[in-house]
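Participant: predicted coordinates and the sequence they were generated for:
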Amino acid sequence: MRSLIRSLAFGLASIAGMTAMAQQPYTWVVSGVVNNCYPGQTVDMQVTDANGVLLVVQQVVVDPSTCTFSTAMGIPVTIAYLVATTQCGGMVITAADSAQFTFLLDTAYTNLTFNCGGVNTYDCLGILNGTALPGMFCEDGDNNPNTTSYWSAACVCTPDSSNFYFDCLGVLNGSALPGTTCTYTNDSITFITGYFNMACVCVSDTGNYYDCAGTLGGTAFPGTPCVNPATGESGVWSGDCLCVSDSTNVYDCAGVLNG
């Protein structure tokens, strides 16, 4: 996230300053700080006019000792727009501002603050402030160009497949699915046979659950056959109780097809 503070100063600039700005009629001074910066970090800036025409492209190096940066840009138009970006922990953080110049040799000042976190972090490959973070692409070593893998929250490179799921016990591709038997503990601390309901809670075998078809104590569980009422096609109940015609397609816990 960014914290943006902007100020405009209106006054005559010196002729020497005008020459430094390649004879542009206006000057835009952009400075700021990157909290928790790292050596070699840069801030990339692009300035456009009101029509989106690119006017200035500049890369500014962040001072690693102070985590600050500053630059001055010559601007040829009266209204200009700035977009500044920097890499923080594998993500791109963006800040934006605009400036309006009112007279010849006018100067605008912008101060930007980028927050890259309070502490340095190591990524899943052990690289300080690296980009191999949970949720990012990774190579699992299977040399299969048709599969994509991501870093998990535990920094395990895990293949992304719509056929992968976690059962009610948290086991990858496990068999403890809603409707299957489980060991139920009642208030008397006695163990009896029960079933996982649709919320993956082990309940006693009293028929106190609704299946995917909304039937109390029914047998329409995920993985069992169904008929899609919208298309009339045969399919199977998905993990979130949607009748999926094509068995290769599944809906995730957010209801996203092949999510």
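Facilitator: Perfect, I can see it now. Residues are numbered from 1 along each chain as shown.
Participant: where does the residue nearest to residue 36 when sequence neighbours are not counted land on pLDDT?
Facilitator: Leaving aside its chain neighbours, residue 36 sits nearest to residue 116 (4.4 Å; criterion: CB to CB, 6 or more residues apart in numbering). For glycine as for every other residue, the C-beta is placed from the backbone atoms N, C-alpha and C. Predicted confidence (pLDDT) for residue 116: 79.
Participant: what's near enough to touch residue 232?
Facilitator: By CB atoms under 8 Å, 6 or more residues apart in numbering, the contact list for residue 232 is empty.
Participant: and it, how far from residue 103?
Facilitator: Applying CB to CB, to the nearest Å, the value for residue 232 to residue 103 is 73 Å.
Participant: ok, now residue 239?
Facilitator: Distance check for residue 239 against residue 103: by CB to CB, it reads 65 Å.
Participant: do residue 76 as well
Facilitator: For residue 76, the distance to residue 103 - CB to CB - is 15 Å.
Participant: settle it for me: which of those two has more neighbours?
Facilitator: residue 76 (15 against 11; other CB atoms under 10 Å).
Participant: burial of the nearest residue to that one once chain neighbours are set aside, as a residue count?
Facilitator: Leaving aside its chain neighbours, residue 76 sits nearest to residue 24 (5.2 Å; criterion: CB to CB, 6+ apart). Neighbours of residue 24 under the rule other CB under 10 Å: 17.
Participant: how about the helices of this structure, start to end?
Facilitator: Using DSSP state H, the helices found in the chain span residues 15-20.
Participant: ok, back up a step: look up how far residue 34 lies from the residue nearest to residue 36.
Facilitator: Counting by CB to CB - residue 116 and residue 34 are separated by 6 Å.
Participant: now the common contact residues for those two.
Facilitator: Common neighbours of residue 116 and residue 34 (CB under 8 Å, 6+ apart) are 86, 88.
Participant: low-confidence stretches in the stretch 51-200 of the chain?
Facilitator: 117-121, 129-131, 134-135, 142-148, 153, 160-166, 172-173, 184-192 (pLDDT under 70).
Participant: rewinding a little: between residue 116 and residue 34, which one's more packed in?
Facilitator: Neighbours per residue (other CB under 10 Å) separate residue 116 from residue 34, with residue 34 holding more: 25 against 22.
Participant: ok, and the closest non-adjacent residue to that one?
Facilitator: If the residues on either side of it in the chain are set aside, residue 34 comes closest to residue 114, at 4.5 Å by CB to CB, 6+ apart.
Participant: also residue 23?
Facilitator: residue 74 (7.6 Å).
Participant: quick check: the one you found touching residue 55?
Facilitator: No - here residue 74 lies out of contact with residue 55, judged by CB atoms under 8 Å, at a distance of 9.1 Å.
Participant: ranges for the strands of the stretch 1-150 of the chain?
Facilitator: Taking DSSP state E, counting those that start in this stretch, the strands of the stretch 1-150 of the chain run over residues 2-9, 26-35, 42-48, 54-61, 68-75, 79-88, 91-100, 107-115, 137-138, 148-151.
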